[in-house]
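J.: Give me a model of this one.
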Amino acid sequence: MSARVLVVDDILPNVKLLEAKLTHEYYDVLTAMNGQEALKKVEEQSPDLVLLDVMMPGMDGFEVCTHIKNNPATAHIPVVMVTALTDSGDKVRGLESGADDFLSKPINDTALMARVRSLVRLKMSTDEWRARENTASQLGVGDDSESVMSQSADEARVLIVEDQEFEREKMTEALSARGHYIKSVASGPEALELIQNDNFELLIISLNLKEEDGLRLCSHLKTNEKTRNLPLVMIGGEEDMDRVAKGLELGAHDYIMRPIDRNELEARVRTQVRRCRFQEKLRTGYENRLSMALVDSLTGLYNRRYLEVHLEKLIEKNKTTHKNLAVLMMDIDHFKSVNDTYGHKAGDEVLQAFAGRLKDNLRSFDLVARLGGEEFVVILPDVSEMRAYMVSERLRRAIAETVFDVSHPDSPIPVTTSIGGAIIGPDGCSTIHEALERADSQLYAAKEGGRNCVFFEDKGKLNPEEYMGIARKLLE
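T.: Residues are numbered from 1 along each chain as shown. Predicted structure coming up:
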């Protein structure tokens, strides 16, 4: 896995040793000899991981880590603090400053490389979501103010799997005292049953379960659809380091060594919950903002941006499937007079109800979009000419035959629509703009032909009587 790692230490032999180990594993290594140089390289070269010594003159590692994590532009970069300090308070301080892990010297090479690979993988996943967020920003709907450290870690839902009752109770008491919602069980089957009926944000799994392989349970949870993306913290002893490394390779996010220090447990839980909530916020935020960018806020229909992308794909698909699609261009007759007579609020209600009637009279895979104002487009994939005519007439009647209720004293009001259609065959046109122009020319003909009617290419004005009754059965 190619990645750029920044090694920060004020002692040159330490830098050279880590550089050699990482280069041997094919990582691209950057180096810095003090805190200021480290912060400059983090901002300018955006490493995928920072290995940061704690005891440095001037700006120590805790301060450097705090700067990195408080900057929204760099907060997503994983930081592993490396130090000779052994006091658990120093480890907790490092985690509280935003560090993703805290390794003690002399460094265990197995632990180091497993942690580097795990955090680089996490960084790349986060980068993918941040890139999508950047796309949303370019569409004018993004928000880049969030960071991992800005997330709350309160009231997390945590599942503990530990068959040593004393350890289980000790962890449950410690985390419950911090306001977290804790469920604890002694076996994998009990855990899997709970997972089906509850939504957890963090899983804590003992690797030393007596009746089953804790590592295998971790592997199963990382392949389970419901728990695949949840952070998973392993618990093990020093003798389990090879298994811990394997767990990190399988997708576990963190580990804690026995005997479990209460403060370290709480700090690691906070770190993982913040990260989980940040990832979830990126994911749901992107999906919501993408929807905002592609959906018309008033009617809930797709907008022009989505229509053009979707229609282009359908036209390309037609060339290989040798099928037809129909493009229907339609607008509301005399809509300006609706606004002038009944007001813009009533006009918006007409647009919303109009959109609803279109959707109610189309197949689930047909597309309906609002181009703007009172103009709409319907795309009918895989359709015959006769079916396209029938659907068009059904849509026209769905609008014209039932008046529209709006919040106005003179409600309900009559509304009609004019429709222009074009059948796009495998060789019918090469671009979406040609397809839309062909339908638009027929819409113009429908308006000129008296409105409240349908015109099609090579067919002219449709005779409503010809399709009466038949069209209603199309979706049955």
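J.: Name the residues of the lengthiest helix in the chain that are buried.
T.: Taking DSSP state H as the criterion, the chain has its longest helix at helix 262-294. Buried positions in helix 262-294, judged by neighbour count with 16 or more other Cβ atoms under 10 Å: 262, 264-279, 281-282, 285-286, 289-290, 293-294. Every residue, glycine included, has its C-beta placed from N, CA and C.
J.: what does stretch 401-412 give?
T.: Buried residues in stretch 401-412, counted by 16+ other Cβ under 10 Å: 404, 406.
J.: Run through who's touching that stretch.
T.: The contact list for stretch 401-412 (Cβ atoms under 8 Å, 6 or more residues apart in numbering) reads 341-343, 345-346, 349-350, 353-354, 357, 413-415.
J.: mind checking the SS state of residue 221?
T.: helix (DSSP: H, G, I helix; E, B strand; the rest coil).
J.: roughly how far apart are it and residue 125?
T.: 17 Å (Cβ to Cβ, to the nearest Å).
J.: Could you check which of those two has the larger neighbour count?
T.: residue 221 (24 against 13; other Cβ atoms under 10 Å).
J.: The more buried one - nearest residue in space that isn't next to it in sequence?
T.: residue 227 (4.6 Å; Cβ to Cβ, 6 or more residues apart in numbering).
J.: Correct me if wrong: residue 152 contacts residue 277.
T.: Yes: counting by Cβ atoms under 8 Å, residue 152 does reach residue 277; the two are 7.1 Å apart.
J.: related to what we said a few turns ago, tell me which helix or strand comes right after the longest helix of the chain.
T.: helix 304-321 (DSSP states H and E).
J.: Show me what counts as buried in that next one.
T.: Within helix 304-321, the residues scored as buried using 16+ other Cβ under 10 Å are 304, 306-308, 310-311, 314-315, 318.
J.: list the contacts for residue 33?
T.: So residue 33 contacts 8-10, 12, 15 (Cβ under 8 Å, 6+ apart).
J.: Tell me the buried residues in the host helix or strand of residue 345?
T.: For residue 345, the enclosing helix or strand under DSSP H and E is helix 344-360. Within helix 344-360, the residues that count as buried by 16+ other Cβ under 10 Å are 346-347, 349-351, 353-355, 357-358.
J.: would you list the contacts of stretch 401-412 in TSV and tack on distance to residue 196 and pLDDT?
T.: Formatted as TSV, those follow (distance: Cβ to Cβ, whole Å; pLDDT from 0 to 100):
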residue	distance to residue 196	pLDDT
341	57	91
342	53	92
343	52	92
345	47	94
346	49	93
349	44	95
350	46	96
353	42	96
354	43	97
357	41	96
413	52	93
414	53	95
415	49	96
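J.: Relative to residue 466, which of these is nearest.
T.: Nearest to residue 466 among the contacts of stretch 401-412 is residue 357, at 21.9 Å by Cβ to Cβ.
J.: isn't the closest one right up against residue 396?
T.: No: here residue 357 lies out of contact with residue 396, judged by Cβ under 8 Å, at a distance of 10.6 Å.
J.: follow-up on the earlier one: quick check: the residue nearest to residue 221 vs residue 201, distance?
T.: 11 Å.
J.: what about stretch 388-407, distance to the chain center?
T.: Distance of stretch 388-407 from the chain centroid (Cα atoms, centre = their mean, to the nearest Å) equals 37 Å.
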